[in-house]
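> here is the input, now give the coordinates:
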Amino acid sequence: MVPIEQYAATGTLHVHFLPGGQVRLIVSNWAAGHPNYPGPAYPVRPADFHFAPSRRAAREAEERARAQAEGRAQIEAEMRAMRGEAPAQKEPPPIFPRDGILPPPPALPKGE
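Model (predicted):
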């Protein structure tokens, strides 16, 4: 059981997870980092904190990009068919590097 610190007015319940497995509950209308906030200052990342996006998020981003590229290719093929042009060769979907650095966007012709 975690006690809630005494408060004079209703507000937002703030939950602070502190070192050593301690939890502190504070009811306040002020946000962490505000001078009037009764609790600890705005949270600071621990020195050993390492953010790595989930593999699922990366996979979903790749799937969205692939679906978008396939949809764009289908629309372009339909437009060519309406104009009576020969079908274009199918381009493979873009492959995004795992390091998250993407290539620059393609330059569009001045007429478009």
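> tell me how the chain divides into domains.
Following automatic domain parsing, the chain resolves into domains at 1-51, 55-82.
> how about a markdown table for these, with mean neighbour count added?
(C-beta placed from N, C-alpha, C; glycine too.) A markdown table is the format used below for the domains of the chain (neighbours: other CB atoms under 10 Å):
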| stretch | mean neighbour count |
| --- | --- |
| domain 1-51 | 10 |
| domain 55-82 | 12 |
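> out of those domains, flag the one nearest Leu108.
domain 55-82 (13.7 Å; CB to CB).
> so which of the domains of the chain is nearest Pro106?
Across these, closest to Pro106 is domain 55-82 (CB to CB), at 12.1 Å.
> among the domains of the chain, which is nearest Lys110?
That would be domain 55-82 among those, by CB to CB, at 19.5 Å.
> ok, back up a step: okay if I get the domains of the chain as CSV plus distance to Ile101 and mean pLDDT?
Shown next, in CSV, are the domains of the chain (distance: least, CB to CB, whole Å; pLDDT from 0 to 100):
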stretch, distance to Ile101, mean pLDDT
domain 1-51, 16, 83
domain 55-82, 13, 86
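> adding distance to Glu91, write those domains out as CSV.
What follows is the domains of the chain, written out as CSV (distance: least, CB to CB, whole Å):
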stretch, distance to Glu91
domain 1-51, 33
domain 55-82, 7
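> in which helix or strand does Gln68 reside?
Using DSSP states H and E, Gln68 sits in helix 55-83.
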